[in-house]
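quick one, what's the 3D model for this:
(one chain, ligands or ions: 1)
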Amino acid sequence: MAFPPICIGCSAATTLHGGLCPACWPLLAFIDKPYCFILGTPMEFDFGEGQVSAAALADPPPFDMARSAVVHHGLGLKLASRLKYGDRADLARPMAQWMVRAGADLLPFCDLVVPVPLHRLRLLKRRFNQASELAAQVSALSGMPLRQDALVRRKATRSQVGLGRAERAANVAGAFAVPRRKRAVLKGRAVLLVDDVYTTGATVGAATRALKAAGASHVFVLTFSRVAAGAAPPHMWQDFSERPRTDGAGYGLYAAALRFLHKRKGAAG
Ligand SMILES: [Zn+2]
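You can find the predicted model right below:
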């Protein structure tokens, strides 16, 4: 590249393209363990690998598991907004790098990457679907096949901004569908569903229902940021360089959690 590298957070001169300067690192709240094994939500105490939050037990999500890279707050919120509204497609690569790290325990079990789609009229207006950009980069970084058009948005839903939990769910209910000719692609496959922000899970939940109705065996959700209830506890504010590497351990727990989840969902009808 001909231009000298600048920080993607504050545009200060830095050493690497697509990186953050030392001043911006602490402003990005990476979501680290301990978190809920199912929802990926930060938890206050560490009870060991595979712990499940009360929220996941009380109201099991339609998707199998979810992970997010950062808290949707401060610099995390700023980066998500810039990618969405700011004509900054260059942010998708570094954001996807953090997502791939956050989803390291899910990726080995996924067959294809599918973005949460925009309605075609909104896409015409905006010309840019941030979820598609992130999904393309996650696919490129992980080597997992990308299926941009496996899912379509058939309802031009109103913006979720300002809506409560129940309103959000109602707003997106039935909004997604899998085109008939795409069903074969999904049948029996585990999908990595990619979106930019996880708020209440209503959007990815509705998208999951459409994917599973079309025959997907599992749906794992990976987003850049997540709206966290309350302020981020200090343990989530860690320097990226200190993050422990995920070594792929815990598959047995993963399988047990999935069986548990499916049994619960089966019992719930
Ligand atoms: Zn900076």
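
going forward, measure contacts and count neighbours with C-alpha atoms only.
Noted.

what helix or strand does the residue positioned nearest the centre of the chain sit in?
Nearest residue to the geometric centre of the chain (Cα atoms, centre = their mean): residue 223, 1.6 Å. Using DSSP states H and E, residue 223 sits in strand 218-226.

sorry, back to before: name the residues linked to the residue nearest to the centre of the chain by a beta bridge.
With DSSP bridges as the criterion, residue 223 is bridged to residue 68, residue 195.

ok so, going back, elements contacting the strand holding residue 223?
strand 65-71, helix 75-85, helix 92-102, strand 190-198, helix 202-213 (3 or more Cα pairs under 8 Å, 6 or more residues apart in numbering; DSSP states H and E).

ok, now which ones touch the residue nearest to the centre of the chain?
66-69, 99, 194-198 (Cα atoms under 8 Å, 6 or more residues apart in numbering).

helix, strand or coil for residue 132?
When classified by DSSP: H, G, I helix; E, B strand; the rest coil, residue 132 comes out as helix.

tell me how far residue 60 lies from the ion.
Applying Cα to the ion, to the nearest Å, the value for residue 60 to the ion is 39 Å.

low-confidence regions, the stretch 101-250 of the chain specifically.
229-250 (pLDDT under 70).

quick one, strands of it?
Taking DSSP state E, counting those that start in this stretch, the strands of the stretch 101-250 of the chain run over residues 112-115, 152-153, 176-177, 190-198, 218-226.

let's have those strands in TSV, adding distance to the ion.
Shown next, in TSV, are the strands of the stretch 101-250 of the chain (distance: least, Cα to the ion, whole Å):
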stretch	distance to the ion
strand 112-115	29
strand 152-153	36
strand 176-177	38
strand 190-198	21
strand 218-226	18
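
of the ones you listed, which is nearest residue 94?
The closest of the strands of the stretch 101-250 of the chain to residue 94 is strand 218-226. By Cα to Cα, the value is 10.3 Å.

from the chain's centre, how far out does that closest one sit?
Strand 218-226 sits 3 Å away from the centroid of its parent chain (Cα atoms, centre = their mean, to the nearest Å).

returning to what we had before: next, the angle from the strand holding residue 223 to helix 202-213.
160 degrees (axes from the mean of the first three to the mean of the last three Cα atoms, to 10 degrees).

now the angle from strand 218-226 to helix 92-102?
For strand 218-226 against helix 92-102, the angle by the same axes, to 10 degrees is 120 degrees.

just the CA trace of strand 218-226, in CSV.
What follows is strand 218-226 as a C-alpha-only set of coordinates in CSV (Å, rounded to 0.1, in the frame of the first residue of the first chain):
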residue,chain,number,x,y,z
HIS,A,218,-27.0,-26.0,13.1
VAL,A,219,-26.8,-22.2,13.1
PHE,A,220,-24.0,-20.5,14.9
VAL,A,221,-24.1,-16.7,15.2
LEU,A,222,-21.0,-14.5,14.9
THR,A,223,-21.2,-10.7,15.2
PHE,A,224,-18.7,-8.0,15.6
SER,A,225,-20.2,-6.3,18.6
ARG,A,226,-22.9,-7.0,21.2
